[in-house]
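Peer 1: Model the structure of this input:
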Amino acid sequence: MPAKNAIKEYVEDGYYHVYNRGVSKSRIFHDTQDYQKFLELLERYLSHEAAKKPNGVKYVSYADDVSLLAYCLMPNHFHLLLQQKSKNGMANLMKSVCVAYSMYFNKKYGHVGTVLQQRYRAVRMTNDAQFTHISRYIHMNPKDYEAWRWSSLGYYTGEKRLAWVYTDRLPEVGDYRAFLNEYRDRRDELAALKDIFAG
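Peer 2: Numbers count the residues shown, from 1 in each chain. The predicted model follows:
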């Protein structure tokens, strides 16, 4: 029987919580360079202006096919909130990013074999409540979420801005930091949502 959320329902204009982790739950990010590399790969494939390889050939851009709404990179896993605008946009993006990151990781650490545990998992958001709440789940993943450098929280609180992170797609929640902090004392309840959002 396939693992939960391994079979993905691809629809145009669908919103998805996408996640994966290291094989055997091992670390996939060891230092600042690793986190930055993963974000550089997201930027490479999500920017409207295609990046170029050393030989001058342009990388493919999926900016018209998929949008990144939120992210959080943790030592042994990552979470993304994506809007898929074309049927194969998400699959193409994830293949490009994960293959490129695995190649980088294996070369840097002399690692042989699989870096990520499996193909990424994806859960389609089917209503506004679920859609809004998943951003809170993603951003509150780190225990020290307010100080965590490797999430998109700063773009939601207005401290940072990136052209390829779209913070305007979620339903309006008012003060986003207050929206998170109202769950500060309910982290156990939020953690219980892993059965829904992560499996």
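
Peer 1: which regions of the protein lie under the pLDDT threshold?
Peer 2: The chain contains residues with pLDDT under 70 at 1-10, 187-199.

Peer 1: just the strands in it please.
Peer 2: Along the chain, the stretches classed as strands by DSSP state E are 14-21, 66-74, 77-84, 121-125.

Peer 1: Format those strands as a markdown table; extra columns: distance to residue 176 and mean neighbour count.
Peer 2: For glycine as for every other residue, the C-beta is placed from the backbone atoms N, C-alpha and C. Formatted as a markdown table, the strands of the chain follow (distance: least, CB to CB, whole Å; neighbours: other CB atoms under 10 Å):
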| stretch | distance to residue 176 | mean neighbour count |
| --- | --- | --- |
| strand 14-21 | 18 | 22 |
| strand 66-74 | 11 | 22 |
| strand 77-84 | 14 | 24 |
| strand 121-125 | 18 | 20 |
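
Peer 1: between these, which gets nearest to residue 39?
Peer 2: Closest approach to residue 39 among the strands of the chain (CB to CB): strand 66-74, 7.5 Å.

Peer 1: Determine the set of other helices and strands touching that closest one.
Peer 2: helix 32-46, strand 77-84, helix 89-109, helix 128-139 (3 or more CB pairs under 8 Å, 6 or more residues apart in numbering; DSSP states H and E).

Peer 1: Single out the most deeply packed of the ones you listed.
Peer 2: For these, the largest average neighbour count (mean count of other CB atoms under 10 Å) is found in strand 77-84, namely a mean of 24.

Peer 1: Contacts for it, please.
Peer 2: 10-22, 28, 38, 65-72, 90, 93, 134-135, 137-138, 141, 166, 169 (CB atoms under 8 Å, 6 or more residues apart in numbering).

Peer 1: rewinding a little: can you add distance to residue 179 and give the helices and strands packed on strand 66-74 back as CSV?
Peer 2: Below are the helices and strands packed on strand 66-74 laid out as CSV (distance: least, CB to CB, whole Å):
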stretch, distance to residue 179
helix 32-46, 24
strand 77-84, 15
helix 89-109, 26
helix 128-139, 7
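
Peer 1: Which residues are in contact with the nearest residue in space to residue 98 that is not next to it in sequence?
Peer 2: Leaving aside its sequence neighbours, residue 98 sits nearest to residue 116 (CB to CB, 6 or more residues apart in numbering; 6.0 Å). Shown in contact with residue 116 (CB under 8 Å, 6+ apart): 20-23, 28, 98, 102.
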